[in-house]
Structures are given as C-alpha cells and as structure tokens.
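>>> below are the sequence and a predicted model; questions follow.
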Amino acid sequence: MNPLLMELWPYFLMVLVGYLPNEVWRVFGLVLARGLNEDSQVVVWSRAVATAILAGVIAKLILFSTGALAAIPLSVRVIAAVLGFLVFLGARRSVFAGVLAGEIALLAGGFLFSH
Amino acid sequence: MPAMSAPVAFSSPSAAFFAGAKTAVTSVFMLVLAGTYIGIGALTHDFGLSSWWLAVSTVLVWAAPAQVILITTVTTGAALFEIALAVTLSAVRLFPMVVALMPVLRGPTTRLRDLLLPTHFTAVSMWVESLRLLPSIAHQWRIPFCNGMSAGYMATAAVFGFVGFYLAAGLPPLLAGGLLFLTPMSFLMSTARNARMMLDKLGLVLGLLIGPLLTILDVNLDLMWTGLIGGTLAYLVHRIREATT
C-alpha cells in the first residue's frame, strides 16, 4: 500500500466504524427529540442494552487483559476490582475513592505477586 | 443556588462560553475524565495506535465507551461490521440523552443549526452537568454556556489522552498496568453511580456476567449478544416488577 494511505487508514476506519455509528444516535436524538420522551419503552429498553454492553466491555478489560495489565495475575486484578467497588459503595458512591482504592490494591498485589 | 433566584445572565455569548469552560475545569468530572482518558491513552499505546489518532477520535467520537471498543478492536482484525455494531450499540444511550437535553437548550428563537454543536458534545459528563446547571441560566445564554463547558471537558480529555499515552510508553510495566486498570474501574463505578433504577443495576450485573461467558464460549459478535441478552433480560424483569407492583 502507498505509505500515505497506510498512515491515513486508521483514521478512515475511525470515521467509518467509530464516528459514524456513534454519531448517528445523537443526530436521531436531535431529529426525533419532539416525538419521544425519556420514559418510552424503546428508550428504556435501549438504555438497558447499552448498559449491558458497557458492562461486557468492563468485564473483558479486567478478565482478559492485554499488554502490561496482563502481567498482573488475574486473581489480583479481580480482587482489586472487587475491593475498589466495595470502597466505592462504602464511601457514599465516590468514584474517586473507589478507583483510588482499586488502583492501590492492584499495584500492591502486582508488586507482591507479579513475575 | 436557590431555585427562586433570578436567572443568571451574561454580557455576551463569549462571556457565557468562558463561564461554561471555567465550570468544566473546576468540576468534579474533571478528575473522572482525567483518569478515564489517562487510561484510554495508555490503552491506545498498548494497541499500537498513535497519540494523534486518539486526539482526533476524542474530538470526533467523544464517547469513552465507543472509543475503548474502537481502540481494542480496530487493530485486532475484528470484522468491521462487528466493530461498527458494537460501537453503535454502546452509543444508543446518547439518543435518550439528546432527547432529554434539547428542550432545556431550546428557546423561542433557537435555530436548528445552533443545536448541532451541543448535539455532538452530548456525553455523560456534559449531560449530567447541563441538566444540573442550565435551568438556573437565562434561556438565551444556555447554548454558549453549554458549548463552553463541553469544550472544556473535551480539551481536558484530549490533553489527558496524550498524558496517558506517553506515561504508558515510559513507565515501568507495573505502573503501566495500573494505568490500563483505570479505564475499567472508572467505567464500572461511574456506570454504577448512574444506575439508580433496578433496570440499570440489573443490566450492569448481567453484562458483567454474560460478557466474559460469551468470550470463553468464543461466541461471534459477543458484545452485541451481551447487550441484547443482558439488556433484554433486565428490561423484562423491570416490566414484570412494574406489572406486579
């Protein structure tokens, strides 16, 4: 392939399978904003589907990690995530406290148990 | 700010824009966005994409979940159809957000083209803060204020994307692993925080269980099925509970 084309290829893919399929929902929202309300059944169902997809991505990032995170044992990653989540719940749903606790647990566990 | 006080007004659209940007930079979402995009920057480095590619995707896509899906699939040879499908399913939540935001932004003299930029800017952080802050601002200043706030968030995200990318390139492996851990952790907890209804909580739990299960079973289009199965189950439980109470 032409070198310029090689360099632009990831940007082309971003627009094609990232920007367009993402933006379409914003445009729909703008166009159809008068027709639907937040409580309509299609909107409620699509919110549940969107939440489940996001949860799937989260679980995969923790369980089937890649790169530097994969060097930290699976058990450490899972325990750190659970600990972080418990701190989040205990600290009146503070995302900051939960993420911080999870990170500390991960780094401590990784320091002790990584090879 | 008491609900009964006079609506906030500004001297010019640019004054409203900068007031919005200042709100963004001093908001609690700054920390969440910084952490999320440091993680995404590290992820981008990990998957062999460039830091500028990430910056462009932050401006164009402007949705952390869609960006994470894109980054983790686009270099792994996944079918383009599957990537687009996973991205579009992750973006469905933007639709009700835009639907709920437009009536707040729209005034008697608002033209459709004035709403194009706020529509593109719509994302979780901006949406939560807009619904909280805009009602106390006079109608004519809401769009420039919202644009300023959104631009502030977007600039923050873009800058911390670079920070994460170059940190991941230079840090020892353990700390780089810690950066990669930021993305799932901040997503998990901000999603849990937004989940007020049983429907959202159930969708979250089912997705966490079904996603890895389908990956282990090596199912094609696993993210799509995770969403459709987990989301529909959560929705059905929600309907049954509503019908019986």
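Here it is on my side, so go on.

>>> kindly provide the distance from the closest residue to residue B:200 other than its chain neighbours to residue A:63.
Closest residue to residue B:200 apart from its sequence neighbours, by CB to CB, 6 or more residues apart in numbering or on different chains: residue A:51 at 5.5 Å. Every residue, glycine included, has its C-beta placed from N, CA and C. According to CB to CB, to the nearest Å, residue A:51 and residue A:63 sit 18 Å apart.

>>> where do the helices sit along the chain?
I'll assume chain A. Ranges of helices within chain A are A:3-14, A:20-32, A:41-63, A:67-70, A:74-90, A:95-113, based on DSSP state H.

>>> wrong one, I was asking about chain B
B:13-25, B:29-46, B:51-60, B:64-74, B:80-90, B:94-105, B:116-121, B:124-133, B:139-170, B:173-194, B:198-216, B:222-244.

>>> so which of the ones you listed is the most surrounded?
helix B:64-74 (a mean of 26; mean count of other CB atoms under 10 Å in any protein chain shown).

>>> now do it against helix A:3-14, angle only.
130 degrees (axes from the mean of the first three to the mean of the last three CA atoms, to 10 degrees).

>>> now do helix B:64-74: everything it contacts.
A:10, A:13-14, A:17-18, A:21-22, A:53-54, A:57, A:61, A:66, B:36-37, B:40, B:43-44, B:47, B:49, B:54, B:57-58, B:61, B:82-83, B:86-87, B:90-91, B:123, B:157, B:183, B:187, B:223 (CB atoms under 8 Å, 6 or more residues apart in numbering or on different chains).

>>> list the contacts of residue A:50.
Counted by CB under 8 Å, 6+ apart, residue A:50 has contacts B:89, B:90, B:91, B:92, B:93, B:203, B:227, B:231.

>>> check contacts around the second one.
Taking CB under 8 Å, 6+ apart as the definition of contact, the neighbours of residue B:90 are A:22, A:50, A:53, A:54, A:57, B:63, B:65, B:66, B:69, B:223, B:227.

>>> ok, the first one next?
The contact partners of residue B:89, taken as CB under 8 Å, 6+ apart, are A:49, A:50, A:53, B:223, B:224, B:227.
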